[in-house]
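Engineer: Can you look at this prediction? I've put the sequence above it.
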Amino acid sequence: MKDKLNLTLLTDFYEFTMSNGFFCEGMGNKTAYFDMFFRTIPSDGGFAIMAGVEQLIDYFKNLKFTSEDIEYLRSKKIFNEEYLKYLENFKFACDVWAIPEGTPIFPQEPIVTVRGPVAQAQFLETMILLTINHQSLIATKANRIVRAADGRPVMEFGSRRAQGADAAILGARAAYIGGCSGTACAIADRDYKVPALGTMAHSWVQLFDSEYEAFLAYARQYPDSCMLLIDTYNVLESGLPNAIKVFDEVLKPMGKRPKGVRIDSGDITYLSKKCRKILDEAGYPDCGICASNSLDEYIIRDTLMQGAEISSFGVGERLITSMESPVFGGVYKLVAVEDDNGNIIPKIKISENVAKITTPGFKQVYRLYSRETGAAIADVVALRGETIDDSKPYELFDQEHTWKKKTVTNFYVRPLLKQIVKAGECVYETPPLEALKEYCSLEVDKLWDEVKRFENPHKYYVDLSKPLWDIKYKLLSEFQK
């Protein structure tokens, strides 16, 4: 939320016990590198959408420990007084890199990297994960729904179903990045310039003595934006006839045209077809039909395949909660430390679950694009300082099935991780929200259609460079011994 809250203690308690422990062991200023990445894509999709970087920067800018924070930690009677004095005089000193908002992202690649004193970098974990996980989840779901709508506007209607105020407000922001045309949440418009949209609820219609009178009053009040909710009683027998009567009696004499009618219940495919025919015959072919009521990408896709005559959608609970897949499983792992001479020492976490084995080292993510088509070919995670020469053929190989190889030519390369904080100071200007939405649309368009399928999408490859793979394999081999 825009009102600045002190969120420094919004962290798991063990982040402080570890940070204190590092400090007491004389390791608090040891430089450590952490990566945030995720392992699976929500809804078994082909890609996710990065979001939440602006709020992450806001968090970093406002990191401070108040006297109340210090007294709370002191009351636990487990923290060293020297550590608490360090927190009293706290100055954020980390470097942070992140993939820009609106970028399609994939499992196992770093989407945020933190470098800095481990006593600081450790306790950032919870807030980094909370911020990026939530907004990336909602942006990803919104993008799926928008793509299902196939060019028709999708309005985010979910505030009343969101899990709390921040989830509603920042969810609306993330949904806009993902492609929604606006939100029902007024404060998201005030604070983040997400266009607020809305007309009436059923209570408006019920409050008047008749549906006709309710529509009449609304049209008189809002002749330039008249959209009437027509399913309070009966869409075809009552709602639509009364709407057309009001269009004829109020709007037409004023030289105004209705914006549309909204259907919030019933079989929207059948009802929209009937409404479209009646509206056309009544002289309102330009009157839109908006559908709402527990929609998601699958319902929207199926109704349109069945010939539904819908010009826009309002989507609430299944978007703002990503109801089908409500968790974006980002994790935050130590990947390297620096020795006393400033040399970067890679670190690895090993697991019997292959997906949980981390990729060590200080890294950059490169996206390879075809010069011929502009389509994204693959991502390569490489050591920081490595370059990929796009004037020469480049060999990609699957990091798990190394015999699977592909040589790419006629491509260009773009590094994805951008530095957003340097030595504790912000060095990145967040683009306007409208620009983020447009950028997201352009980058999604560069993905193969096969990657964008809702069911059984083609796997987009995230490979390791040969030098990085060598380091990972070496560490695995050493631990196996």
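Structural biologist: Cool, the structure landed. Residues are numbered from 1 along each chain as shown.
Engineer: count of residues packed around the residue nearest to Y366 when sequence neighbours are not counted?
Structural biologist: Excluding the flanking residues, the one nearest Y366 by C-beta to C-beta, 6 or more residues apart in numbering is V380, at 4.7 Å. The way it works is simple: take the backbone N, C-alpha and C, and place the C-beta from them, glycine included. Counted with other C-beta atoms under 10 Å, residues neighbouring V380 total 24.
Engineer: Are we agreed that V380 is in a helix?
Structural biologist: No. Counting by DSSP: H, G, I helix; E, B strand; the rest coil, one finds V380 to be strand, located in no helix.
Engineer: Let me know the average pLDDT across the longest helix belonging to the chain.
Structural biologist: Scanning the chain for the helix with the most residues, using DSSP state H, yields helix 125-149. For helix 125-149, mean pLDDT is 98.
Engineer: Stretch 221-237 now?
Structural biologist: Averaging pLDDT along stretch 221-237 yields 98.
Engineer: Just give me the residue closest to the centre of this protein.
Structural biologist: For the chain, the residue lying nearest the average C-alpha position, counting by C-alpha atoms, centre = their mean, turns out to be S136 (2.3 Å).
Engineer: List the contacts of it.
Structural biologist: By C-beta atoms under 8 Å, 6 or more residues apart in numbering, S136 lies in contact with F38, A48, I49, M50, A51, G52, I105, I111, A174, F328, G330.
Engineer: excluding its backbone neighbours, what's nearest F247?
Structural biologist: Leaving aside its chain neighbours, F247 sits nearest to P258 (4.9 Å; criterion: C-beta to C-beta, 6+ apart).
Engineer: That neighbour: neighbouring residues, count only.
Structural biologist: By the criterion of other C-beta under 10 Å, P258 has 23 neighbours.
Engineer: With F208 instead?
Structural biologist: Using other C-beta under 10 Å, F208 is surrounded by 14 other residues.
Engineer: Please tell me I have it right and it contacts T232.
Structural biologist: No. Applying C-beta atoms under 8 Å as the test, F208 and T232 come out as separate, 10.4 Å apart.
Engineer: From V413, how far out is the residue nearest to Y366?
Structural biologist: Using C-beta to C-beta, to the nearest Å, V380 is found at 8 Å from V413.
Engineer: what do you get for K406?
Structural biologist: Distance from K406 to V413, counting by C-beta to C-beta: 16 Å.
Engineer: tell me which residues of stretch 399-413 are tucked away?
Structural biologist: Using 16 or more other C-beta atoms under 10 Å as the test for burial, stretch 399-413 gives Q399, V408, F411.
Engineer: Throw these into JSON lines and include secondary structure, thanks.
Structural biologist: Listed next are the buried residues of stretch 399-413 as JSON lines, based on three-state DSSP:
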{"residue": "Q399", "secondary structure": "coil"}
{"residue": "V408", "secondary structure": "strand"}
{"residue": "F411", "secondary structure": "strand"}
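Engineer: thinking the residue nearest to Y366 is in contact with D390, fair?
Structural biologist: No. Contact criterion C-beta under 8 Å: V380 and D390 do not qualify, at 11.3 Å.
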